[in-house]
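K.L.:
need the 3D shape of this:
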Amino acid sequence: MRMLAAIEAGGTKFVCGVGDAAGSRETARIATRDPDATLADVVAFLARAVDRHGPIAAIGIGSFGPLQLDPAAPDFGRITTTPKPGWQGADMPARLRAALGVPVAIDTDVNAAALAEAAHGAGRGARSLAYVTVGTGIGVGLAMDGRPVHGLGHPEAGHLLLRRHADHGDFAGICPYHGDCLEGLASGPAIIAAWGGSLATLPAGHPAWTVQADYLGQLCATLILVAAPEHIVLGGGVLSQPSLLDAARARTRERLAGYCAAWTDEAFATRITAPGCTEPPGLTGAYMLAAAIA
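P.N.:
Alright, predicted model coming up:
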């Protein structure tokens, strides 16, 4: 079996592995700093892994973005308008190809996770799946018939402009581009900025819980109305609070108001779920990206 390398490139950490979509033989977590330092550690890990486990056939990257994913574009594979200092214009595929001499595939981390959850996780068997991560930022990936969704760019539903909740008052939001878009209001750092602490530190009756559930419900309802996915997976650090998933389901139902007949009570319970992959879905999806070019 050909061994592959996978990288889930996040704004806080890189998760790297060697193996395949069935599982990793070895993984490492590398803190995200500037591109030179971070990628030097990634290359060093992969070089050591090759010494221990044998050669790799290809590398897949599921990365934070935005990314240029048009193969005809001169900056294909590069990070574009990210607010993360030092990373705008970074060309991870070129650096890794040069260092390791194997083909490299790249897509967004959430598109990779959507592929993984549809093939190996909570939405196994679904022809269409939306993967949502709520953490340092908010990202949404879409997989349709085993392929990630691209167009003129890639989905950026984390920057939707939704109805502000009244309890948010005059909180301006933290997105440097849009202020009070979804990410600016409901990402992990936005929750701390608005309420003075993460959900894990706030009591159950705090209004932050209701506000967060409402924004997630608006997002899920929008995804259902626009993309009609068979399954929605809600992941990321903010969703590690178990009660938030049920609250988000309830708010999605309220927002749809009975309009989409296919979304029965059973559908809300079984088709809006937590992730189901045994490894981080972005890592599993990165293996799938690598397998497609190996």
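K.L.:
tell me the contacts of the residue lying closest to G17 once chain neighbours are set aside?
P.N.:
Nearest residue to G17 in three dimensions, chain neighbours excluded: S24, at 3.8 Å (Cβ to Cβ, 6 or more residues apart in numbering). To be clear about C-beta, it is placed using only N, CA and C from the backbone, and glycine gets the same treatment. By Cβ atoms under 8 Å, 6 or more residues apart in numbering, the contact set of S24 is A6, G17, V18, E279, L283.
K.L.:
now the longest helix along the chain: buried residues?
P.N.:
In the chain, assigned by DSSP state H, the helix with the most residues is helix 207-227. For helix 207-227, the neighbour count (16 or more other Cβ atoms under 10 Å) marks 208-209, 211-224, 227 as buried.
K.L.:
what ranges do the helices span in this structure?
P.N.:
35-53, 92-100, 109-120, 182-186, 188-195, 207-227, 242-256, 265-271, 281-293.
K.L.:
among the ones you listed, which comes closest to R29?
P.N.:
R29 lies closest, by Cβ to Cβ, to one member of the helices of the chain: helix 35-53, at 9.7 Å.
K.L.:
restricting to C-alpha, output the closest one in PDB.
P.N.:
Output of helix 35-53 as PDB, limited to C-alpha atoms (Å, rounded to 0.1, in the frame of the first residue of the first chain):
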ATOM      1  CA  PRO A  35       5.700  30.200   7.200                       C
ATOM      2  CA  ASP A  36       9.400  29.600   7.200                       C
ATOM      3  CA  ALA A  37       9.600  28.300  10.700                       C
ATOM      4  CA  THR A  38       6.400  26.300  10.500                       C
ATOM      5  CA  LEU A  39       7.100  24.600   7.200                       C
ATOM      6  CA  ALA A  40      10.700  23.800   8.200                       C
ATOM      7  CA  ASP A  41       9.300  21.800  11.100                       C
ATOM      8  CA  VAL A  42       6.700  20.100   8.800                       C
ATOM      9  CA  VAL A  43       9.500  19.100   6.300                       C
ATOM     10  CA  ALA A  44      11.700  17.800   9.200                       C
ATOM     11  CA  PHE A  45       8.800  15.700  10.500                       C
ATOM     12  CA  LEU A  46       8.100  14.200   7.100                       C
ATOM     13  CA  ALA A  47      11.700  13.500   6.400                       C
ATOM     14  CA  ARG A  48      12.000  11.700   9.700                       C
ATOM     15  CA  ALA A  49       8.800   9.800   9.000                       C
ATOM     16  CA  VAL A  50      10.100   8.700   5.600                       C
ATOM     17  CA  ASP A  51      13.200   7.300   7.300                       C
ATOM     18  CA  ARG A  52      11.100   5.300   9.700                       C
ATOM     19  CA  HIS A  53       8.200   4.200   7.500                       C
END
